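K.L.:
Predicted coordinates and the sequence they were generated for:
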Amino acid sequence: MVLRIMIKANHQYLAYQLLVAWLGGQLEVGHGSGAHSPNSRPADILVPNWMVGKPAAFDLTVVSLLNSNTLNEAGATGGSAARKAEARKHNANYHKCRELGWFCIPLAVEIYGCWGEEAQSSVSRLAARLALQLLCSKLKAITSIYQRLNLMYLVITLYVIKGFLSLLDGASTVDKARLLAISAPQAHAWLRAQPSPKLGLDLLPNEVQALVKWWLGLPVFTDADACPHCSQTLDIHGHHALICHAGGDVVTRHNRLRDSFADFCCRACLAPELERGCGLISTKDRTRPADVLVPNWSLSRSAAFDLKVINPLNSNFVLGASMTSGYTAELGEKNKHSKNDIPCTERGWVCVPLVVEVFGGWGNEAQEALSRVAKKLAIRTSRFWPEVLASMYCHLGITLMRQNARALLGRRSTSEVDNCLV
């Protein structure tokens, strides 16, 4: 049902873009025409004069990577499931389109937003025409189309999730906490990011598979084996893997997020310093209240940003997290204040906790701080502030999810690795 809604929304949007580009376009064309498969409909969108005077029949399909038929395909190489979906559409529609004198162009997109090769080529051609009509660059037109399509996936998915919440009176406490966590502000930012290896906005196919299973509450591991780092029992949903301090995954995740935030501060010319505060007041005090120290943050006082990743499915928080969205992040901010307010005051600093839930939702104080950094960075780069803020959330979200995926994948059993399972 969700896939049908997403397909219909994308049909309407693509038809709208074709109309804006003065290419025309009709929806659902070809039903009952020709000798092949009288009930088939080879054209979700029919565009006249697409190439050498012939119309193009666009047939859109959304591929789920969790389907048993596509799971192994998706794990081979990036976009392989979309490419095979394009091949299947060609086999189904080629002869009928040839009888009608149409080009057969499948538009295949994987559920997490990776488009097939023919779809990318068609969007590029569409963007060239759209750029001429709107007097903008082709790159900007392409970016606008992809961003709008990905945003549609996101909005529809979140509405479905929120609809499920009202129907899950009998759901477990853990499931309720997970659903509230993934609907928190900016928890979905990693899904909105445009894949770009050069910008560090890419995930490997097996990382995506692990994340999607964990995100949806599906079993990540086939068996509840012992954790290879601490020998505790692994739960099949991967909750232990994300809080296990053995193996260094928790520390690495913290440091990667800290470095990403410091990089944004540096680009905004805020002169950040890392890991400040150890032993400044007392030689016995070994705490560091500032993961990132930014001078002149408020009323000439420096801001001590202390980052923490917290898991709402932890047994200590899961009850509250199942009733209130953002409960765990708010609790984490209070704990950081009770721990760091006095040391920061002694040093003349302002304590600013940056708390993010493991599913990607940020605390209120973190959102305010990121918004302020984004405004300063927007001024330095002559870009719109909302665009910069969205880019920051995408980078931080991908960084968080990449480390989550590596923590999950690093605890697979030998048999799962041999069978290419996540």
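P.N.:
The structure has been received and is ready for your questions.

K.L.:
Would you verify that Trp215 is located in a helix?
P.N.:
Yes. The assignment for Trp215 by DSSP: H, G, I helix; E, B strand; the rest coil puts it in a helix.

K.L.:
count of residues packed around it?
P.N.:
Counted with other CB atoms under 10 Å, the neighbours of Trp215 add up to 20. Any C-beta I mention is one placed from the backbone N, CA and C, and that applies to glycine too.

K.L.:
now Leu307, what's its secondary structure?
P.N.:
State at Leu307, reduced to three classes by three-state DSSP: strand.

K.L.:
Who is it paired with across the strands?
P.N.:
Leu354 (DSSP bridges).

K.L.:
Burial check on the closest residue to Thr324 other than its chain neighbours, number of neighbours?
P.N.:
Nearest residue to Thr324 in three dimensions, chain neighbours excluded: Leu180, at 7.3 Å (CB to CB, 6 or more residues apart in numbering). Around Leu180 there are 25 other residues, counting by other CB under 10 Å.

K.L.:
Report the buried residues of the helix or strand hosting Leu180.
P.N.:
Using DSSP states H and E, Leu180 sits within helix 173-182. By neighbour count on 16 or more other CB atoms under 10 Å, the buried set for helix 173-182 is 174-182.

K.L.:
which of the residues you listed lies closest to Val294?
P.N.:
Lowest distance from Val294 to these (CB to CB) belongs to Ala181, with 28.3 Å.

K.L.:
In which helix or strand does the spatially closest residue to that closest one that is not a sequence neighbour reside?
P.N.:
Nearest residue to Ala181, sequence neighbours excluded (CB to CB, 6+ apart): Phe359, at 4.1 Å. Using DSSP H and E, Phe359 sits in no helix or strand.

K.L.:
Verify the stated contact: Phe359 with Gln186.
P.N.:
No. Judged on CB atoms under 8 Å, Phe359 makes no contact with Gln186 at a distance of 10.3 Å.

K.L.:
Neighbour count for the two, which is higher?
P.N.:
Phe359 (26 against 21).

K.L.:
Contacts only, for the more buried one.
P.N.:
178, 181-182, 184, 187, 215, 312 (CB atoms under 8 Å, 6 or more residues apart in numbering).

K.L.:
Closest to Pro272 out of those residues?
P.N.:
Ala187 (25.3 Å).

K.L.:
That closest one reaches Val356, doesn't it?
P.N.:
No. If you go by CB under 8 Å, Ala187 and Val356 don't touch, sitting 9.2 Å apart.

K.L.:
So which residues of the stretch 1-150 of the chain form helices?
P.N.:
Listed in chain order, the helices of the stretch 1-150 of the chain (DSSP state H, counting those that start in this stretch) span 2-20, 71-76, 80-100, 117-134, 138-167.

K.L.:
So what's the gap between the one helix or strand Gln209 maps to and the chain middle?
P.N.:
Applying DSSP H and E as the criterion places Gln209 in helix 205-216. Centroid displacement of helix 205-216 relative to its chain, using CA atoms, centre = their mean, to the nearest Å, is 11 Å.

K.L.:
Over to stretch 114-125?
P.N.:
Between the centre of stretch 114-125 and the centre of its chain there are 20 Å (CA atoms, centre = their mean).

K.L.:
residue ranges with poor pLDDT in the stretch 151-300 of the chain?
P.N.:
Along the stretch 151-300 of the chain, the parts satisfying pLDDT under 70 run over 151-171, 278-287.

K.L.:
ok, which stretches of it are helices?
P.N.:
With DSSP H, counting those that start in this stretch as the criterion, the stretch 151-300 of the chain has helices spanning 173-182, 189-192, 205-216, 249-267.

K.L.:
Just want the angle from the first one to helix 205-216.
P.N.:
Yep, that's helix 173-182 we're talking about. 120 degrees (axes from the mean of the first three to the mean of the last three CA atoms, to 10 degrees).

K.L.:
Show me what helix 173-182 is in contact with.
P.N.:
Under the criterion CB under 8 Å, 6+ apart, residues 161, 164-165, 168, 171, 187-188, 215, 217, 312-313, 317-319, 321-325, 328, 357-361 lie in contact with helix 173-182.

K.L.:
Likewise for the longest one?
P.N.:
Contacting residues not belonging to helix 249-267 are listed as 241-245, 271-272, 274, 291-292, 294, 305, 307-309, 354, 356, 370, 373-374, 377, 380-381, 392, 395-396, 399-400, 402-404, 406-407, 410 [CB under 8 Å, 6+ apart].

K.L.:
Show me which of these are buried.
P.N.:
Buried, going by 16+ other CB under 10 Å: 241-244, 272, 291-292, 294, 305, 307-309, 354, 356, 370, 373-374, 377, 392, 395-396, 399-400, 402-404, 406-407, out of the contacts of helix 249-267.

K.L.:
Next up, phi/psi of the residue nearest to Ala181, please.
P.N.:
For Phe359, the backbone dihedrals (degrees, to the nearest 10) come out as phi -90, psi -10.

K.L.:
Can you give the distance of stretch 179-198 from its chain's centre?
P.N.:
3 Å.

K.L.:
typed the wrong thing, it's stretch 358-370
P.N.:
Averaging C-alpha positions (CA atoms, centre = their mean) puts stretch 358-370 15 Å from its chain's average.

K.L.:
Now that stretch: buried residues?
P.N.:
By 16+ other CB under 10 Å, the buried positions in stretch 358-370 come out as 358-363, 365-367, 369-370.

K.L.:
Can you convert those residues into TSV and add a column each for distance to Pro205?
P.N.:
Below are the buried residues of stretch 358-370 laid out as TSV (distance: CB to CB, whole Å):
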residue	distance to Pro205
Val358	22
Phe359	21
Gly360	20
Gly361	25
Trp362	27
Gly363	32
Glu365	36
Ala366	30
Gln367	31
Ala369	34
Leu370	29
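
K.L.:
In JSON lines: the residues you listed, plus pLDDT.
P.N.:
Compiled in JSON lines, the buried residues of stretch 358-370 are given as follows (pLDDT from 0 to 100):
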{"residue": "Val358", "pLDDT": "94"}
{"residue": "Phe359", "pLDDT": "93"}
{"residue": "Gly360", "pLDDT": "93"}
{"residue": "Gly361", "pLDDT": "92"}
{"residue": "Trp362", "pLDDT": "94"}
{"residue": "Gly363", "pLDDT": "92"}
{"residue": "Glu365", "pLDDT": "94"}
{"residue": "Ala366", "pLDDT": "94"}
{"residue": "Gln367", "pLDDT": "93"}
{"residue": "Ala369", "pLDDT": "94"}
{"residue": "Leu370", "pLDDT": "94"}
